[in-house]
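Undergrad: return atomic coordinates for the entry below.
(chains A and B)
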Amino acid sequence: MIGNILQDPTFLAVLKFLLIIAAGLYSIFAVVVVRQIAVMKDTLLTSFSPVLLTLGFLHLGLAISVLLFFLVSL
Amino acid sequence: MPEVFNSSDSQSEKSSTLEATEELLHGVRKKRVHRRNEHVFASLTPEQLENRKNKRCVHDYSEVMKNESVKKNPLNAFWTFPEKVAFMSQSQGEEIILVLRKHPITQIKWIATAILLCFLPMLIISLGVFDTLPLRYQLAINISWYLLITGFVVESSLSWFFNVYIITDERIVDVDFLSLIYRNISTAKIDNIEDVTARTGGVIRSIFNFGTVQVQTAAERNEFEFDDVPQPNKVSKLLNELILEEEREKIEGRVQ
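TA: Predicted coordinates for the structure are as follows:
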């Protein structure tokens, strides 16, 4: 029963839509993270802040890659 | 007559050697702090520089900081004399003495949650619920799940890193990083501090020596709470020493 639902094209289309929306929202979250790190870097400047900003950009890159992967492969 | 060994002589000799060593170490620490502040001095006007020279170094009056050295690890929760650190609204010549964060042990809850959540897909796979789902969808669901965990870890770690309490020789600063969108920065001058209380309690807090330091002030925000900071007694003692020094500065006319 569940197996049939999981292979149903309508269900898969809805799932694809939801996964792409989730990845899109996550990319927006990653942009907010980068923005926030930049703002906090001005508030509290430490030797670790540039590293943190780089990590933030890597995280954003990962989020966008996942979104592209979902768009292409699903 | 044979010379009798006098233990008191030997002890006094030992204590004088110890004193000399302590003095030497104190001098080295002072030099290190001075070297660190050289770039600050360079940016001051002659008048500000004169005021600054009149100001005593924290090593001169603080018993707590006398034994503390310059720490370089930016992830330290009890970060004494931080190097290459500045904060918004820091005035020229203002020296950061201590940067505090929540004790790392308080972060165990979200770290353990993240680790447990990492194992959840394995449990679901072993139950075989999604076996009939096409492989690429299974992969996409897995990636989404781990991305969600990454987001949770990123937010929690950023929140820990940027939620800091700064003690300078002039004031206390509370930087609250409430969420990714909200932040709050409050400051109070040392001479506005009225009361300092250090609170510790419970098994974990006693074992790992962390607690809350409550600061009552006459400033606009009348209460500052340094939550779960390491060595709360040291922090409270340092604040009391800074208050005394501020009063001494006023009496001796060394006020900037």
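Undergrad: for chain A, which helix is longest?
TA: Of all segments of type helix in chain A, defined using DSSP state H, the longest is helix A:9-43.
Undergrad: next SSE downstream of that helix?
TA: As assigned by DSSP states H and E, the chain's next helix or strand after helix A:9-43 is strand A:44-45.
Undergrad: contacts only, for the closest residue to residue B:226 other than its chain neighbours.
TA: Using C-beta to C-beta, 6 or more residues apart in numbering or on different chains and skipping the chain neighbours, the partner closest in space to residue B:226 is residue B:213 (4.1 Å). C-beta coordinates here come from the backbone N, C-alpha and C atoms, glycine included. With contacts defined as C-beta atoms under 8 Å, 6 or more residues apart in numbering or on different chains, residue B:213 is in contact with B:196-199, B:225-226, B:229, B:232, B:235-236, B:239.
Undergrad: what pLDDT, on average, does the longest helix of chain A get?
TA: Taken as a whole, helix A:9-43 carries a mean pLDDT of 92.
Undergrad: give the buried residues for that helix.
TA: A:12, A:15-16, A:19, A:22-23, A:26-27, A:29-30, A:33-34, A:36-37, A:40-41, A:43 (16 or more other C-beta atoms under 10 Å in any protein chain shown).
Undergrad: the host helix or strand of residue B:176 near chain A anywhere?
TA: Element membership for residue B:176 (DSSP H and E) is strand B:171-177. Yes - contact of strand B:171-177 with chain A (C-beta under 8 Å from any C-beta of the partner chain) involves B:175, B:177.
Undergrad: give the other helices and strands that that strand contacts.
TA: helix B:135-162, strand B:164-168, strand B:183-189, strand B:223-230 (3 or more C-beta pairs under 8 Å, 6 or more residues apart in numbering or on different chains; DSSP states H and E).
Undergrad: mind listing the strands it pairs with, and their directions?
TA: Sheet pairing for strand B:171-177, assigned by DSSP bridges, gives strand B:164-168 (antiparallel), strand B:183-189 (antiparallel).
Undergrad: give me the contacts around the longest one.
TA: Contacts made with strand B:183-189 from outside it, assessed by C-beta under 8 Å, 6+ apart, are listed as A:39-40, A:43, B:88-89, B:162, B:170-178, B:215, B:217, B:219, B:221, B:224.
Undergrad: which members of those are classed as buried?
TA: Using 16+ other C-beta under 10 Å, the buried ones in these are A:40, A:43, B:162, B:170-175, B:177, B:215, B:217, B:219, B:224.
Undergrad: just give me the closest of those residues to residue B:252.
TA: residue B:170 (16.5 Å; C-beta to C-beta).
Undergrad: so what's that closest one up against?
TA: With C-beta under 8 Å, 6+ apart, residue B:170 has these contacts: B:91, B:94, B:189-190.
Undergrad: among the residues you listed, the buried ones, what's the ChimeraX command?
TA: Selection of the buried residues among the contacts of residue B:170 in ChimeraX, burial being defined by 16+ other C-beta under 10 Å:
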select /B:94,190
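Undergrad: just the contacts of residue B:170 now: which is nearest chain A?
TA: residue B:94 (13.9 Å; C-beta to the nearest C-beta).
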